[in-house]
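Visitor: What shape does this take:
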Amino acid sequence: MNSGALRIGAAVAIVLVLVIGVFAAVRGMAVRSAAPVVTPAPAPPVAWAPVDRPGPALTVPAAELEASVACTRATRASRDTALLLSGTGADPATSFDWGVRPLLTAEGFRSCYSTAPDRNTGDVAVRAEYVAHAIRTIAADTERKVAVVAFGEGGIAARWALRFWPDLRDQVSDVVLLGTPNGGLPLCSAGCSAADWQLATGSPFFQALDSGAATFPGIDYSVITSDLDTRVPPAAAALPGVASTTVQQVCPGREVEHLSLGLSDAVSLALAVDALRNPGPVDPTRIPPATCRDARPVEIQPGPQERGTAAVLAAQNVTGAPVNGEPPLPCYTRADPC
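Guide: Predicted structure coming up:
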């Protein structure tokens, strides 16, 4: 055999060795990849507090709680007092003094404010203690139940109080929610306050709030929304087991955004008053069609509305103290006692 043939034979042998080596390596990888993948066991579900367990003692100092409740003079003893709860970024006086409160007074309702610190930008669970105190105080003073009328975050604070202080449930007749984000809001991306973190959809706060029950027997719940509310659209306002009412059901095509929904719109406030006046939740068929001609109730004058709305917007533009994450849940939310 000549030298050329030998060189060719050697080259072929080398190629065969390389091919066999690659095949063996690939086969080994296939065998190894076929091994079962071990995944960690899912975390056990959180055991939340029973819905009927007595609520914890309030941690806010008594003097601060007492100072947080302010009421108008009694009007008709035959009607429940309305507890007005404002949204994130503005206290109840800024939100309601110029519109909702005068309207309720004209309709014969006594009204009260519950004012929490930091314009409702802090821990909503702490705010709920103020709400719990207000309900107890008003019910004791009037010997009647309390009708909660809440805008935005105020409804979440009321729901938290009713979830974790079950003694309040027998003291509340109505919960009227205007633009309340019962399903949560998109996650805040920058400069987030404690309330911003808690109100995010799927947050631990919402998991605790919705545990056990979202509503309670004996209380009439009304959810009032607007198809044009871009802050809290109807899908975000929906509450399980409660029929939502949009202002467009009464007045098709009516243009109502988030702020006017809770503070000044003639139709949304007529729906709220309907819920307070009548047994059961709101009924949109009881609203006179003529209401659709009015931008605001007659009790709300254009000048006060313009100034009041501007004041609410200015207050909301002052961001709350930013924090790096959601506050820890209070220990009373868990099945194990504190």
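Visitor: show me where the stretch 201-338 of the chain has helices.
Guide: Assigned by DSSP state H, counting those that start in this stretch, the helices in the stretch 201-338 of the chain fall at 204-209, 234-237, 247-250, 258-263, 266-277, 302-316.
Visitor: so what does the helix or strand encompassing residue 134 touch, helix or strand wise?
Guide: Following DSSP states H and E, one finds residue 134 within helix 124-142. Under the contact criterion of 3 or more C-beta pairs under 8 Å, 6 or more residues apart in numbering; DSSP states H and E, helix 124-142 touches helix 62-67, strand 69-71, strand 81-85, strand 111-114, strand 146-151, helix 153-164, helix 194-198. Glycine gets a C-beta too; all of them are placed from N, C-alpha and C.
Visitor: Give the buried residues for that helix.
Guide: 124-139, 142 (16 or more other C-beta atoms under 10 Å).
Visitor: Same question for stretch 99-118.
Guide: 99-105, 107, 109-116, 118.
Visitor: any idea of the mean pLDDT for that stretch?
Guide: For stretch 99-118, mean pLDDT rounds to 97.
Visitor: how far is that stretch from where the chain is centred?
Guide: On the basis of C-alpha atoms, centre = their mean, to the nearest Å, the separation between the geometric centre of stretch 99-118 and that of its chain is 21 Å.
Visitor: Could you list the low-pLDDT ranges of the stretch 51-200 of the chain?
Guide: Regions of the stretch 51-200 of the chain meeting the criterion pLDDT under 70 cover residues 75-77.
Visitor: surely residue 174 meets residue 147?
Guide: Yes: counting by C-beta atoms under 8 Å, residue 174 does reach residue 147; the two are 4.2 Å apart.
Visitor: where do the contact lists of the two overlap?
Guide: Contact criterion C-beta atoms under 8 Å, 6 or more residues apart in numbering; residues shared by residue 174 and residue 147: 80, 276.
Visitor: got the contact list for residue 49?
Guide: 164, 211, 212, 332, 333, 334, 335.
Visitor: Go through the helices and strands packed on helix 124-142 and name the closest to residue 217.
Guide: Of all these, it is helix 153-164 that lies closest to residue 217, at 11.4 Å by C-beta to C-beta.
Visitor: partners of the helix or strand that the closest one is followed by, with directions?
Guide: Next in sequence after helix 153-164, counting helices and strands by DSSP H and E, comes strand 172-178. Paired strands of strand 172-178, with direction, are strand 146-151 (parallel), strand 220-225 (parallel) (DSSP bridges).
Visitor: hmm, who's touching strand 172-178?
Guide: Strand 172-178 is contacted by residues 80, 135, 145-152, 155, 158-159, 162, 219-224, 237, 239, 261-262, 268, 272, 275-276, 281-282 when judged by C-beta under 8 Å, 6+ apart.
Visitor: How about stretch 127-136?
Guide: 55, 58-60, 65-66, 68-69, 83, 85, 112, 114-116, 120, 146, 148, 157-158, 160-161, 164-165, 167-168, 171-172, 195.
Visitor: Buried among those residues? Make that a ChimeraX selection.
Guide: Provided next is the ChimeraX selection string for whichever of the contacts of stretch 127-136 are buried by 16+ other C-beta under 10 Å:
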select :55,58,60,65,68,69,83,85,112,114,115,116,120,146,148,157,158,160,161,164,165,168,171,172,195
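Visitor: Check the contacts of strand 172-178 for burial and list the buried ones.
Guide: 80, 135, 145-152, 155, 158-159, 162, 219-224, 237, 239, 261-262, 268, 272, 275-276, 281-282.
Visitor: so what's residue 2 scoring on pLDDT?
Guide: Looking at residue 2, its pLDDT stands at 43.
Visitor: do residue 17 as well
Guide: Residue 17 carries a pLDDT value of 33.
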